Each structure stands twice: as C-alpha cells, then as structure tokens.
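> Whatever this is, show me its structure:
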Amino acid sequence: MGMHVAHDVDEWAQVVSASFVPLSLVTLSGSFTGSVHSSALGPALTLSAVSVQGHSVVTRTSRLVRTEPRDDFLFSLHLDGDGAVVQDGHEAVLARGGGVLYDSARPYQLLFPTSHRQLVLQIPRHHLYDRVDHVAEVCGRALPPDGPGVRVLAACVRELAETCESLTSTPRAELGVTTVDLLATVLRAAVGDDIGPRGFPGRAALLVSMQTYVRDHLSDPRLTLAEMARFHGVSMRYMSELFAAEGSSPAAFIRAERLRAAHRLLTDPRYSALTVSTVATRCGFGDRTTFTRAFVRAFGLTPVALRAAHGHESE
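Coordinates of the predicted model:
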C-alpha cells in the first residue's frame, strides 16, 4: 500500500505488477512518469489511483495467467486521457467518467496512447460471484459514463479515493463493500438482470455461508454483525437484505441459534454437569441474567425449570 513512482519501463513494470497483478509492458514512451497510490479497503480489497504521463501498452499474457495466477477482478474508472481495455475479443474504449471490468484470470491488454488518470478497484472474485450472475459476460465491455448507475458508482469511487486515508479501518471496510454493492448493481444492469441478486444461487449460497458461520462461532464473544459482514466481504445493509428475504434478521438469527444450542445442552444428559452459567457462556451470552431472560422469552420457562422437567439437577 502507499505511493509508488516509476520513471522508466523496468520501474513501471515492477510498480504495476506489485500494485495489481503480474503484467508485461509491451511499449512505453521515451518520456514517462507513472505513479500508483493504493489504499486497502478491507481484506484483499484495494482502491488505487493511477496517474501516467506518457503512453503505454500493458498486457496480462496467457503465460502470466498460467505461471502467476490471480483470482481478482479489476474495475477501472477512467478519469482522463485516452485508453482502451481488450479482453475476450472485446475492446472497451474508455470515456471520461466511464468504466470497465476485467478478469485477472484471463489475458487482457491495457492500451493508453496518451497520458491518463484512472481509479482501479481490485476485488476478490467471490465478492462479485456472490452478487452477479454471468459476470464474465460484462468483462472487457465499456460501462458508459451517462448511465445513471455508473454516475452514482463513479461519484462514490472518486469520493472514497479522496477520503479513505482519513478513515479508520472499520468505516473504510464498510464503505469498500458498499462500493462493491454499487458496482454489482451496475454489472447486473449491464447483463440485463432486472431481478437483482435474489434471483441467483450466489445469494442463497452466501446466506447459507453466513448461517454456518454463526453456528460455528456461537461461543465467540467477537461474533458481531459487523464482524460477520466483514468476514464475508459484504456491507451490513446487504447482509440484512439476505436475512430479511428469509423473514429474519442477522441479530435475530444469532440469538435464535444461541438459544437453540443452549436448549440442546440443557436437555442432553451428557452435559448435565454443566452449570447454567457455563451453558450461557458456551452459547455466547455475556451473563446468566441476560441468558435467562432471553430463554424465558423463547421457551416460556427458565433454564433451571427446563432441566428439572428433564430430570436433571441444575445450579
């Protein structure tokens, strides 16, 4: 992360390969200066400001794809100058304020005949696969700047690039995944999806993953809504939409799973030696009083009464 500057072909090859994915430079103008300023938005999610004086042609070759595999998508928001991205036989001519998505797992070429500036969002593959079906169809295709969704996305990316260094890690990560959500909205429109993410298996798989994550971390006091969203690389708003589609909420699901786990421990004779307080702790409740109140609301009797009804003594 941070700022990297190059003044010749060797330096620029090192800078772009270290900042993004391994690349090969085909041509570079005699008078050349390039810089990349990268900021981490979250785990493996970065936003980079690229500024180049001079022309260049940069390629991700088939050999590099084989020998230096990467699993990220890159979204370029074009700010200034002339340029194009070529992938899968498509050539996206870049307009100021427009963008293009390309896939590091397949060869591509970046053509810049003039000086240029752009903002590049590097996104782990699963972040988009969980949100957009047929995402490969839009790679290498220009996203025009006059589209309403692109205009909103462009404004968000520009503001985030200007302000992210002044943000602490949590809001920076939340804004990062919100930006990915906006990009996904633009991409769904580009592939002609008017249904939205609810129509795709990726959304259902993401919900199942979150539910499994909760069940695996019930006793972890760090199991919070913010941590669960961060772990799965989505915004809290998007996470809430996933659970709302099932008639629940993330907080309600966590609470219900903790109470179900406690009910199982309290009625299983193998765990009859555990105190009620220990059961509460194992199921993620901070104290016995809070646990007992939640338990009574859910099951209509106290943990002690439930154990007594099953013939187990309790403390």
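
> Could you pull up the residues touching Leu74?
20-21, 101-104, 120-123 (Cβ atoms under 8 Å, 6 or more residues apart in numbering). To be clear about C-beta, it is placed using only N, CA and C from the backbone, and glycine gets the same treatment.

> same question but for Arg270, I mixed them up
Contacts of Arg270 by Cβ under 8 Å, 6+ apart: none found.

> With Arg125 instead?
So Arg125 contacts 71-73, 105 (Cβ under 8 Å, 6+ apart).

> For the helix or strand where Leu153 lies, which helices and strands make contact with it?
Assigned by DSSP states H and E, Leu153 belongs to helix 148-163. Applying 3 or more Cβ pairs under 8 Å, 6 or more residues apart in numbering; DSSP states H and E, one finds that helix 148-163 contacts strand 45-53, strand 72-80, strand 99-103, strand 116-124, helix 169-190.

> From Pro69, how far out is the closest residue to Leu206 other than its chain neighbours?
Of all residues not flanking Leu206 in the chain, Asp130 sits nearest, at 4.6 Å (Cβ to Cβ, 6 or more residues apart in numbering). According to Cβ to Cβ, to the nearest Å, Asp130 and Pro69 sit 21 Å apart.

> Of these two, which one has the most company?
Per other Cβ atoms under 10 Å, whichever of Asp130 and Pro69 has more neighbours is Asp130, with 24 against 11.

> If you rank the contacts of Leu74 by neighbours, which is first?
Leu101 (27 neighbours).

> how close does Thr185 sit to Glu241?
12 Å.

> try Leu274
Leu274 sits 37 Å away from Glu241, taking Cβ to Cβ as the criterion.

> repeat for Ala273
Taken as Cβ to Cβ, the span from Ala273 to Glu241 is 43 Å.

> neighbour-wise, which of the two wins?
Glu241 (17 against 10).

> Quick one: the strands in this structure, in order.
2-6, 24-28, 33-42, 45-53, 56-60, 72-80, 84-87, 90-93, 99-103, 108-112, 116-124, 142-143 (DSSP state E).

> thinking Phe112 is in contact with Asp80, fair?
No: applying Cβ atoms under 8 Å as the test, Phe112 and Asp80 come out as separate, 10.7 Å apart.

> Same drill for these two, tell me which one is more crowded.
Taking other Cβ under 10 Å, Phe112 and Asp80 do not tie; Phe112 has more neighbours (24 against 15).

> list the contacts for the more buried one?
Counting by Cβ under 8 Å, 6+ apart, the residues that Phe112 touches are 52, 55-58, 81-83.

> Now distance to Thr46 and neighbour count too, for those, in CSV please.
Below are the contacts of Phe112 laid out as CSV (distance: Cβ to Cβ, whole Å; neighbours: other Cβ atoms under 10 Å):
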residue, distance to Thr46, neighbour count
Val52, 18, 26
His55, 25, 20
Ser56, 21, 23
Val57, 23, 14
Val58, 18, 21
Gly81, 22, 18
Asp82, 25, 16
Gly83, 20, 23
